[in-house]
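**Student:** Sequence and predicted structure are below.
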Amino acid sequence: MGIRPESWSRRSKVSNKGPMSYQKTRMAQSESRHIHFSARQQRSDKCTALQADVPDVPLAVVEEILLNLPAHQVVRVCRLVCREWKELVDSASHWRERCRREGIQPCDASRTPGDWRLFYFLTKKQCNLLKNPCADDYLQGWEIVRNEGDGWVVEGNRKPFSDNRVTKCFVTSYGFCLKRQLIDLKKEGYNAAFMDQLQPHIKISDWYAPRFDCGCQYQICVELLDEKEKTISTFEPEQVLFEQWNDEPWCQMTHVFKDYGRGVRFISFTHGGKDTQFWAGHYGIRVTNSNVEICPSVQR
């Protein structure tokens with residue numbers, strides 16, 4: 001049987017509609033691509049024109065601008081602008097000049113920093129490496145070495161401290177009480193090359209005081225250790241004794257390690273004491289505001 005005329009006519013219309021729609025779609029896509037290409041070309045031409053209008057800035061002028069910007073911004077932002085700026089920011093001369101302008105010099109002029117940028121940032125970073133030095137977080141961060149008598153406790157200062165932000169102290173008992181922190185210099189950002197080459201000064205300080213109505217004893221030991229935690233240098237002065245009936249003075253113990261040689265990787269800080277009346281409770285030495293700082297430079 002043949003196809004009926006009306007069916008043929010219907011199929012013919014459907015068949016003709018498909019190719020026409022396809023052709024229109026192709027034309028629209030072509031026009032769209034042409035428009036997008038033209039827009040991109042126009043933007044590119046404008047950028048090229050703008051770049052041609054901007055004169056080249058001498059690198060000496062760029063460096064002068066960078067030297068007047070915050071160092072962290074120079075590293076995190078300006079260094080990413082282009083290859084020339086990256087090389088400028090990475091150069092030792094840039095950081096040496098920044099140090100000179102800010103009056104930052106190595107403690108020992110005979111030891112030149114191998115990495116001037118690291119030297120600059122570690123100088124700026126200089127801070128107390130001991131955690132919880134003023135008993136604000138009770139005994140957190142400290143390793144209890146000896147906890148005799150009634151052990152360690154935290155109390156408010158009986159006598160005002162020179163720094164009004166320091167309001168608490170660690171207090172010992174009638175038996176020996178010692179606590180310690182071990183500082184890992186690598187974790188704190190001071191790598192082996194930096195420590196060995198520059199041998200920055202290591203400054204320690206500690207504040208201690210007795211009760212007025214009870215005699216007591218104070219002691220401290222700070223050690224510089226190698227990677228196996230063997231002693232390289234030690235500061236361990238004689239024990240300090242206070243007699244009963246005193247005016248409760250706050251005293252400071254200080255020391256600076258210099259020329260200690262190569263290999264320092266850890267710092268061990270231990271202090272404490274006891275009362276000498278053997279009274280139950282916490283009548284022993286009080287310690288607070290302990291401090292350990294790496295001092296790579298002197299500022300003038």
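**Tutor:** Arrived safely.
**Student:** from here on, contacts and neighbour counts on C-alpha atoms
**Tutor:** OK.
**Student:** Tell me where the stretch 1-150 of the chain has helices.
**Tutor:** 5-53, 59-67, 71-76, 83-90, 92-101, 116-125 (DSSP state H, counting those that start in this stretch).
**Student:** for the stretch 151-300 of the chain, same thing?
**Tutor:** Using DSSP H, counting those that start in this stretch, helices in the stretch 151-300 of the chain cover 192-198.
**Student:** what bits of the stretch 1-150 of the chain have low per-residue confidence?
**Tutor:** Counting by pLDDT under 70, the stretch 1-150 of the chain shows low-confidence ranges at 1-55.
**Student:** ok, now the stretch 201-300 of the chain?
**Tutor:** Counting by pLDDT under 70, the ranges of the stretch 201-300 of the chain that qualify are 298-300.
**Student:** what's the neighbour count on the spatially closest residue to Lys168 that is not a sequence neighbour?
**Tutor:** Distances taken as C-alpha to C-alpha, 6 or more residues apart in numbering place Gly156 nearest to Lys168, at 4.3 Å, with adjacent residues excluded. Per other C-alpha atoms under 10 Å, the neighbour tally for Gly156 reads 13.
**Student:** now His282
**Tutor:** 24.
**Student:** same check, this time on the one 10 residues further on
**Tutor:** Close neighbours of Val292, defined as other C-alpha under 10 Å, add up to 25.
**Student:** what do you get for Arg76?
**Tutor:** 9.
**Student:** Gln105 now?
**Tutor:** 20.
**Student:** Likewise for Pro70?
**Tutor:** Neighbours around Pro70, by other C-alpha under 10 Å: 9.
**Student:** Please apply the same query to Asp163.
**Tutor:** Neighbours of Asp163 using other C-alpha under 10 Å come to 8.
**Student:** what do you get for Lys228?
**Tutor:** 10.
**Student:** next one: Gly189
**Tutor:** Quick note: Gly189 (other C-alpha under 10 Å) scores 12 neighbours.
**Student:** any idea how far the closest residue to it other than its chain neighbours is from Leu139?
**Tutor:** Nearest residue to Gly189 in three dimensions, chain neighbours excluded: Leu122, at 7.9 Å (C-alpha to C-alpha, 6+ apart). To Leu139, Leu122 is 28 Å away according to C-alpha to C-alpha, to the nearest Å.
**Student:** could you check the distance from the most centrally placed residue in the chain over to Val287?
**Tutor:** Closest residue to the average C-alpha location of the chain: Lys125 at 6.2 Å, with C-alpha atoms, centre = their mean. Using C-alpha to C-alpha, one gets 26 Å for the distance from Lys125 to Val287.
**Student:** Phe170 too?
**Tutor:** Relative to Val287, Phe170 is positioned 5 Å away (C-alpha to C-alpha).
**Student:** contacting residues around Tyr138?
**Tutor:** 132, 153-154 (C-alpha atoms under 8 Å, 6 or more residues apart in numbering).
**Student:** Which of these fall in strands?
**Tutor:** With DSSP state E as the criterion, strands contain 153-154 from among the contacts of Tyr138.
**Student:** List just the nearest of the contacts of Tyr138 to Ala280.
**Tutor:** When the contacts of Tyr138 are compared for distance to Ala280 (C-alpha to C-alpha), Val153 wins out at 13.0 Å.
**Student:** ok, now which ones touch the nearest residue to the closest one once chain neighbours are set aside?
**Tutor:** For Val153, the nearest residue in space outside its immediate sequence neighbours is Val171; the separation is 5.3 Å by C-alpha to C-alpha, 6+ apart. Contacts here follow C-alpha under 8 Å, 6+ apart; on that basis Val171 touches 152-155, 282-287.
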